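Novice: Using only what follows, build the 3D model:
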Amino acid sequence: MSLRYKSSKRSKRGKDKEDAPNDNVVQERTDSSASTQGSVSQTCYKEGHLLKWANYMKGFRERWFVLEHGVLAYYRTTKAGERTHKSSFVLAGSSVKTEPGNNFIIMPSRADRRVRKPLHLRAISAAERNSWIEAIEKAKTESDRKQRSLLSSSGYLNAVDFQGNQNDSDGESSSDDEGDLDPTENTVLSSKLEQVKKWHDSLTQRCEELISILQKDKEINQNASTELQGETSQVTQTATALLEASSNYLTEVLEQQKLWVSTLHMNERKRRKLEEQLEALARQHRTLEQSAGRVSRDISSGDMVDEVFLPPADSSDDEFFDAASAPSEEDDTTEGSDPSKVSEAAKANGTTIVRRTRVPPRKDSKISLWSVMKNSIGKDLSKISMPVNFNEPLSFTQRLCEDMEYSDLLDKAASSDNPLVRLAYVAAFSASAFASGASNRTGKPFNPLLGETYELDRRQEQGYRAVVEQVSHHPPICCMHCEGQSWLYWQECSFESKFRGKYLAVIPTGLSHVELPKFGDNFTFTKVMTTVHNIIVGKLWIDQSGTMVIKNHATGDECTLKYIPYSYFSSSQARRVEGTIKDKSGRTRFVLQGTWDKELWLCKPDPSGDKVLDKSSATKLWTRTPPFAGHEKMYGFTRMSCTLNEMTEIDKGCCPTDSRFRPDKNLMEHGHFSKANKVKERLENAQRARRRKMEASKTIWKPRWFEEKPDPVVKDRKIHTYKGGYWESKEKQDWQDTAQLYDVAMD
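Specialist: Below you'll find the model as predicted:
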């Protein structure tokens with residue numbers, strides 16, 4: 001929509017239909033208010049509906065905007081007589097920034113940024129957004145030009161500034177005493193004040209000249225009388241101009257005062273409303289605490305919890321579910337596997353194995369996360385001692401094994417003869433690792449103790465087995481080695497975590513490897529950043545963001561996956577993943593599209609390599625298994641998560657440092673939060689004692705199953721690799737060199 005101009009005034013806004021298609025008006029109006037030179041200026045005018053961002057609760061709200069005299073004001077209604085003024089935005093010195101989804105942002109000038117927030121707006125279409133941006137830019141340019149002309153148009157404004165300092169060539173003061181009154185950054189109000197100052201200086205100068213003439217000679221002749229009359233006339237004109245400028249300044253101050261008072265009253269109403277809501281929330285909290293106290297007194301020392309959640313030593317999982325909540329028939333299917341594979345996997349060494357599909361529901365916690373973390377802003381999360389109330393009943397060694405939930409993607413990669421298809425499946429495998437945290441799973445896993453291990457044996461079910469060990473405590477490094485039938489997956493998981501007040505950022509720094517021995521392929525990648533939002537207030541939610549590069553060092557092929565962060569101001573799909581697969585020459589061969597919490601597609605690109613050519617011919621690489629019913633009450637676990645902490649027949653005989661034996665985690669799983677916190681503190685104190693003992697004897701800690709070596713494909717980088725021997729030690733039950741990590745009092 002282009003700007004149109006008229007030279008005459010309009011008596012009423014928006015009445016001419018030709019000038020206001022679709023409830024929007026854009027025109028140039030004649031402003032007959034006198035300036036310092038009596039000239040007539042033109043002002044860009046536009047009015048119409050826009051959506052304005054209010055807050056996270058209300059989102060975008062429709063408002064009627066009016067652009068006039070370099071000021072953008074908005075109202076609740078379109079009727080001029082019934083308008084309730086909400087606020088206004090002075091465009092002088094501002095800037096406009098476009099955003100996706102027909103959105104745009106008006107940024108205030110540098111002088112106003114301390115008192116005015118950016119204005120987030122959304123138009124109904126891209127054309128309408130461009131029309132508003134064009135009008136705002138023209139109004140801003142006109143306002144800036146008018147501001148400069150006010151300072152340079154009069155001959156009296158070139159003499160001296162308000163402090164008596166000499167002006168430079170472009171009319172700006174060289175004095176540093178004016179501070180925020182820099183004409184290049186000021187609003188209209190500041191320019192009016194500057195004009196008054198200039199006229200004041202001019203009047204002072206004329207008065208001094210008049211006094212000088214009167215004292216020049218005691219005998220005033222006719223020529224002196226004529227000169228005196230001329231000077232008196234000039235003083236009168238200067239005083240008149242000063243009065244007019246002061247009047248304009250006062251008018252502008254009164255208008256701004258109305259806005260300030262309105263804003264103050266609105267903020268006061270919001271403050272009172274917030275105080276009332278907080279008071280009501282506090283009353284509800286006290287009521288819940290009293291109710292919880294009465295219930296807790298009825299349960300004697302947690303014995304009832306033991307009877308409900310702790311199964312007998314020889315009892316089967318079926319008996320356990322009878323005590324809690326019986327699973328449905330559809331829940332008996334293992335996640336990511338068909339029923340036939342479950343039946344085949346149910347027998348190991350002649351013993352039937354039925355993996356559990358549930359864990360005890362999470363016990364309600366009364367502790368506020370903000371009350372614990374408010375003093376930890378900017379610190380490394382791994383160095384913060386957290387109560388188990390914010391954990392999930394898994395160690396990080398176990399949580400790391402959830403990367404293998406969709407190991408069938410690596411099986412498919414190993415069975416393809418096309419190197420680009422192999423790269424696509426490895427990329428899908430890297431993205432699937434984030435799916436386990438997609439169902440509002442915000443619990444923190446237990447920090448592993450130094451030397452803590454975990455084994456995951458899924459050979460009978462999915463054809464792989466894995467070993468995990470915590471090889472370093474500060475910095476925290478956890479290593480994993482997984483063997484499939486036709487592939488190897490191993491990783492060194494290290495990260496930096498920072499708490500920033502409103503959110504928690506976890507930035508991975510470790511490297512992951514996928515090897516396909518049949519083809520000699522070695523793929524590497526580093527995971528992207530995970531962010532936990534709404535730490536202070538609101539519902540916790542998790543997002544992934546950043547760029548992941550998966551490279552095949554054997555062929556030179558490369559895949560780039562972009563995890564796009566969610567934005568409140570974008571209409572795009574949340575949790576999006578977009579990527580390209582390029583061969584060693586840099587040519588785009590495939591495009592990846594999808595989300596990290598649902599599915600990922602492989603598509604063919606157009607000749608330019610930027611857009612998808614035909615989605616109908618796309619191939620679905622990966623689909624997330626839907627969560628089971630009631631998972632939100634069980635820490636948001638997946639089916640695989642529920643099986644990680646159980647001890648089946650095939651798991652018996654594992655290393656004594658295995659996470660399954662960790663007592664604080666097991667107590668938490670069965671609802672004993674208070675006991676779990678005490679045992680957790682004892683385990684951490686025992687670990688500190690072992691560290692002090694090693695420091696005193698100058699002993700260097702060495703991992704049991706991993707060793708640090710140069711990375712086989714990445715130059716100038718060292719990585720912990722599996723040195724072997726775990727499964728052989730398990731077969732012989734030879735655990736002589738392992739540490740005693742969990743030998744603490746349980747009472």
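Novice: what secondary structure does the nearest residue to F89 once chain neighbours are set aside sit in?
Specialist: Spatial nearest neighbour of F89, excluding adjacent residues (Cβ to Cβ, 6 or more residues apart in numbering): L72 at 4.5 Å. Heads up, the C-betas are built off the backbone N, CA and C, glycines and all. At L72, secondary structure determined by DSSP: H, G, I helix; E, B strand; the rest coil is strand.
Novice: show me what contacts L72?
Specialist: With contact taken as Cβ atoms under 8 Å, 6 or more residues apart in numbering, L72 is in contact with 65-66, 88-89, 91, 106, 119, 136, 139.
Novice: and it, what are its bridge partners?
Specialist: L67, F89 (DSSP bridges).
Novice: where's it relative to L561, distance?
Specialist: 41 Å (Cβ to Cβ, to the nearest Å).
Novice: Test for you: state the pLDDT assigned to S365.
Specialist: Looking at S365, its pLDDT reads 66.
Novice: For the helix or strand where K52 lies, which strands pair with it and how are they oriented?
Specialist: Secondary structure assignment for K52, by DSSP states H and E: strand 41-55. Partners of strand 41-55 in the sheet, by DSSP bridges, are strand 25-31 (antiparallel), strand 59-68 (antiparallel), strand 119-122 (antiparallel).
Novice: any idea where the helices of this protein begin and end?
Specialist: Secondary structure of the chain (DSSP state H): helices at 126-152, 188-214, 222-298, 303-309, 317-323, 339-345, 369-373, 396-400, 408-414, 419-432, 639-643, 663-669, 673-696, 726-732.
Novice: what number of residues lie near the nearest residue to S617 once chain neighbours are set aside?
Specialist: In this structure, S617 finds its nearest non-sequential neighbour in K604, 6.5 Å apart by Cβ to Cβ, 6+ apart. K604 has 15 neighbours, counted by other Cβ atoms under 10 Å.
Novice: Would you confirm that E496 contacts T509?
Specialist: Yes - checked against Cβ atoms under 8 Å, the pair E496 and T509 is within contact range at 6.3 Å.
Novice: From H265, how far off is the residue nearest to F89?
Specialist: 21 Å.
Novice: what do you get for P108?
Specialist: Distance from P108 to H265, by Cβ to Cβ: 22 Å.
Novice: Those two: who's more crowded?
Specialist: The neighbour count for P108 versus H265, taken as other Cβ under 10 Å, is higher for P108 (21 against 10).
Novice: Grab the nearest non-local neighbour of the more buried one.
Specialist: R116 (4.4 Å).
Novice: Just confirm that neighbour contacts F89, I think it does.
Specialist: Yes - if you go by Cβ under 8 Å, R116 and F89 touch, sitting 7.3 Å apart.
Novice: list residues touching both of these two?
Specialist: P108.
Novice: Count the neighbours of K598 for me.
Specialist: 15.
Novice: Now do the contacts for it.
Specialist: With Cβ under 8 Å, 6+ apart, K598 has these contacts: 438, 575, 623-624.
Novice: ok, back up a step: any idea how far the residue nearest to P108 is from N267?
Specialist: 13 Å.
Novice: These two: who's more crowded?
Specialist: The residue with more neighbours, out of R116 and N267, is R116; 18 against 10, by other Cβ under 10 Å.
Novice: mind showing which ranges of the stretch 301-450 of the chain have poor pLDDT?
Specialist: Counting by pLDDT under 70, the stretch 301-450 of the chain shows low-confidence ranges at 301-352, 365-385.
Novice: what about 80?
Specialist: The stretch 301-450 of the chain contains residues with pLDDT under 80 at 301-353, 364-386, 438-440.
Novice: Ok, the stretch 601-747 of the chain next?
Specialist: Ranges of the stretch 601-747 of the chain meeting pLDDT under 80: 606-617, 747.
Novice: And the strands in it?
Specialist: Per DSSP state E, counting those that start in this stretch, the stretch 601-747 of the chain carries strands over the ranges 619-623, 706-710, 718-722.
Novice: same question, the stretch 401-550 of the chain
Specialist: Counting by DSSP E, counting those that start in this stretch, the strands of the stretch 401-550 of the chain are 444-446, 453-458, 464-472, 477-483, 488-499, 503-508, 512-516, 521-525, 529-533, 541-552.
Novice: what angle do the last one and strand 503-508 make?
Specialist: Between strand 541-552 and strand 503-508, the angle comes out at 20 degrees (axes from the mean of the first three to the mean of the last three Cα atoms, to 10 degrees).
Novice: tell me the mean pLDDT for strand 541-552?
Specialist: 93.
Novice: What residues sit buried inside it?
Specialist: Neighbour counts over strand 541-552 (16 or more other Cβ atoms under 10 Å) mark 542-544, 546, 548, 550-552 as buried.
Novice: Next, the angle from that strand to strand 512-516.
Specialist: Using the same axes, to 10 degrees, strand 541-552 lies at 40 degrees relative to strand 512-516.
Novice: Just checking: what are the partner strands of strand 541-552?
Specialist: strand 521-525 (antiparallel), strand 529-533 (antiparallel), strand 558-563 (antiparallel).
Novice: For that strand, C-alpha coordinates in PDB please.
Specialist: Presented in PDB, the C-alpha positions along strand 541-552 are these (Å, rounded to 0.1, in the frame of the first residue of the first chain):
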ATOM      1  CA  TRP A 541       9.700 -26.200  29.500                       C
ATOM      2  CA  ILE A 542      12.700 -27.300  27.500                       C
ATOM      3  CA  ASP A 543      14.000 -26.200  24.100                       C
ATOM      4  CA  GLN A 544      17.000 -27.100  21.900                       C
ATOM      5  CA  SER A 545      18.800 -24.600  19.800                       C
ATOM      6  CA  GLY A 546      22.000 -24.300  17.800                       C
ATOM      7  CA  THR A 547      23.700 -25.900  14.800                       C
ATOM      8  CA  MET A 548      24.900 -29.500  14.700                       C
ATOM      9  CA  VAL A 549      27.400 -30.700  12.100                       C
ATOM     10  CA  ILE A 550      27.500 -34.400  11.400                       C
ATOM     11  CA  LYS A 551      30.600 -35.300   9.300                       C
ATOM     12  CA  ASN A 552      31.700 -38.500   7.700                       C
END
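Novice: could you check the angle helix 419-432 makes with it?
Specialist: Going by the same axes, to 10 degrees, strand 541-552 makes 160 degrees with helix 419-432.
Novice: who touches strand 541-552?
Specialist: 419, 422-423, 426-427, 430, 434, 437-438, 440-442, 521-534, 557-566, 575, 596.
Novice: Now the buried members of those.
Specialist: 419, 422-423, 426-427, 430, 434, 437-438, 441-442, 521-533, 557-561, 563-564, 566, 575, 596.
Novice: Check the contact between N102 and A126; I expect there is one.
Specialist: Yes - with contact taken as Cβ under 8 Å, N102 and A126 are classed as touching, separated by 5.7 Å.
Novice: which of these two has more neighbours?
Specialist: Neighbours per residue, other Cβ under 10 Å: of N102 and A126, the larger number sits with N102, 18 against 11.
Novice: Tell me who's in contact with the more buried one.
Specialist: Per Cβ under 8 Å, 6+ apart, neighbours of N102: 122-126, 128-129.
Novice: Got the confidence number for it?
Specialist: Reported pLDDT for N102: 86.
Novice: what's the distance between N534 and Q257?
Specialist: 38 Å.
Novice: oh, I was asking about E684
Specialist: For E684, the distance to Q257 - Cβ to Cβ - is 60 Å.
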